[in-house]
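Trainee: Structure for this input, please:
(one chain, ligands or ions: 1)
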Amino acid sequence: MSDDSSEIEASSSKQTVDPIKSFLSGGFGGISCVLVGHPFDLTKTRLQTASPGTYTGAVDVVRKTIAQDGIRGMYRGITPPILGVTPIFAISFWGYDLGKRLVYSFTPNRTSQNLSIGELAIAGGFSAIPATLVAAPAERVKVLLQVAGQSGSASYSGPIDVVRKLYAEGGLRSLFRGTFATLARDGPGSAVYFATYELLKKQLSAAPETLPNGEKAPAPPLSLPAIVAAGGTAGVAMWSLAIPPDTIKSRLQSAPHGTYTGFMDCARKLIAADGVTALWKGFGPAMARAFPANAATFLGVELSLKAMEKMW
Ligand SMILES: CC(=O)O[C@H](CC(=O)[O-])C[N+](C)(C)C
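Mentor: From the prediction side, this is the model:
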């Protein structure tokens, strides 16, 4: 186990961090993600749900919301996402670090401690397994709240009410509906997410110098522009892959009991009814949020990790 994140770039040391630090820094990343991403989500939801003619487009939503409620209006309803996303990101970043440790334990005779892009992708994909256990029920509740009242959907007074009603309807099975779809989205998505981030961060940051004695000098300080560019691109890369399973997940999780028998049934019915392009519904808003939200995520992760390294 490494006890210093400055070892991340050094080939003689493992590319892992302390599990508590990876968990906490992931949580800070999640909070940063929601703080930056929420105004985009709110704009998208208002556009999707307003009656025709209310807004001329996304800029109009922002203008009218700020005119009516000030900048605070853009952060309406932020508490449930903060409470839901923070633990999911904490587990995801902890799971990524655990995934790296597993890769090292399966390759004891490696000549370099540098993980290849393929190995980073495996660790990233692995992170989705523990994260899905929390993300799937959280997404089920979020999706039902987001569509509540829309064309005959049930109404709920809040997240607790959703959990209570789902449990009464079908127990834990109902609460966890969409678990496979969440894993189908976040497994490949997280593989691409973490591998893209590490690859770009390395390419955009100054390489550690080689000292006259042939050893590597300590890693150079974090480059904030490199983190922003690598984090934002990682988000875009992830969502480029994740939109089709995300669309199926949202359909499955919001449909009345008995509508679909599972992931494939939902995909088949959606394509038969609306064509294959229906799998990319919501692509525009997801992409608009992807870069800024994930640039903020990785800034939150890296800066909090650095602060923790200084403290203990
Ligand atoms: C679905 C999701 O939470 O994706 C995260 C990025 C984002 O845009 O929210 C990444 N990760 C799944 C690794 C937490």
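Trainee: Could you count how many residues lie near Leu222?
Mentor: Applying other Cβ atoms under 10 Å, we find 16 residues neighbouring Leu222. To be clear about C-beta, it is placed using only N, CA and C from the backbone, and glycine gets the same treatment.
Trainee: and it, that's in a helix?
Mentor: No. Leu222 is assigned coil when assessed by DSSP: H, G, I helix; E, B strand; the rest coil, not a helix.
Trainee: mind checking the SS state of the residue nearest to it when sequence neighbours are not counted?
Mentor: Of all residues not flanking Leu222 in the chain, Glu302 sits nearest, at 5.6 Å (Cβ to Cβ, 6 or more residues apart in numbering). Secondary structure assignment for Glu302 (three-state DSSP): helix.
Trainee: Stretch 170-182 near the ligand anywhere?
Mentor: No. Judged by Cβ under 6 Å from any ligand atom, stretch 170-182 and the ligand are separated, with a smallest distance of 8.3 Å.
Trainee: ok, the residue nearest to Leu222 touching Ala226?
Mentor: No. With contact defined as Cβ atoms under 8 Å, Glu302 and Ala226 do not form a contacting pair (9.7 Å).
Trainee: now the residue nearest the centre of the chain, nearest residue through space, not along the chain?
Mentor: Nearest to the geometric centre of the chain sits Phe89, at 6.7 Å (Cα atoms, centre = their mean). Nearest non-adjacent residue to Phe89, counting by Cβ to Cβ, 6+ apart: Gly30, 3.0 Å away.
Trainee: Sticking with that neighbour, tell me its helix or strand.
Mentor: helix 19-49 (DSSP states H and E).
Trainee: That helix: which residues count as buried?
Mentor: Buried residues in helix 19-49, counted by 16 or more other Cβ atoms under 10 Å: 21-44, 46-47.
Trainee: and these near the ligand, which?
Mentor: Answer for these near the ligand (Cβ under 6 Å from any ligand atom): Cys33.
Trainee: related to what we said a few turns ago, same drill for Glu302 and Ala226, tell me which one is more crowded.
Mentor: Comparing Glu302 with Ala226 by other Cβ under 10 Å, the one with more neighbours is Glu302, at 23 against 18.
Trainee: Next up, the contacts around that one.
Mentor: Counting by Cβ atoms under 8 Å, 6 or more residues apart in numbering, Glu302 makes contact with Ser25, Leu222, Ile227.
Trainee: about what we covered before: correct me if wrong: the residue nearest to the centre of the chain contacts Gly26.
Mentor: Yes. Using Cβ under 8 Å, Phe89 is in contact with Gly26, at 4.7 Å.
Trainee: List the contacts of the closest residue to the ligand within the stretch 1-150 of the chain.
Mentor: Closest to the ligand within the stretch 1-150 of the chain is Ser92: 4.0 Å, counting by Cβ to the nearest ligand atom. Applying Cβ under 8 Å, 6+ apart to Ser92 gives the contacts Gly26, Ser127, Ala128, Pro130, Ala131, Asp186, Ser190.
Trainee: What about those, which are in helices?
Mentor: Gly26, Ser127, Ala128, Pro130, Ala131, Asp186, Ser190 (DSSP state H).
Trainee: Just the buried ones among the residues you listed, please.
Mentor: The buried subset of these - by 16+ other Cβ under 10 Å - is Gly26, Ser127, Ala128, Pro130, Ala131, Asp186, Ser190.
Trainee: what ranges do the helices span in the stretch 101-250 of the chain?
Mentor: Ranges of helices in the stretch 101-250 of the chain, per DSSP state H, counting those that start in this stretch, are 117-147, 159-175, 179-204, 224-254.
Trainee: Adding mean pLDDT and distance to Asp274, write these out as a markdown table.
Mentor: As requested, the helices of the stretch 101-250 of the chain are exported to a markdown table (pLDDT from 0 to 100; distance: least, Cβ to Cβ, whole Å):
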| stretch | mean pLDDT | distance to Asp274 |
| --- | --- | --- |
| helix 117-147 | 94 | 17 |
| helix 159-175 | 95 | 26 |
| helix 179-204 | 97 | 17 |
| helix 224-254 | 95 | 10 |
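Trainee: Next, format those helices as CSV and append distance to Ala296.
Mentor: Listed next are these as CSV, based on distance: least, Cβ to Cβ, whole Å:
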stretch, distance to Ala296
helix 117-147, 19
helix 159-175, 24
helix 179-204, 13
helix 224-254, 8
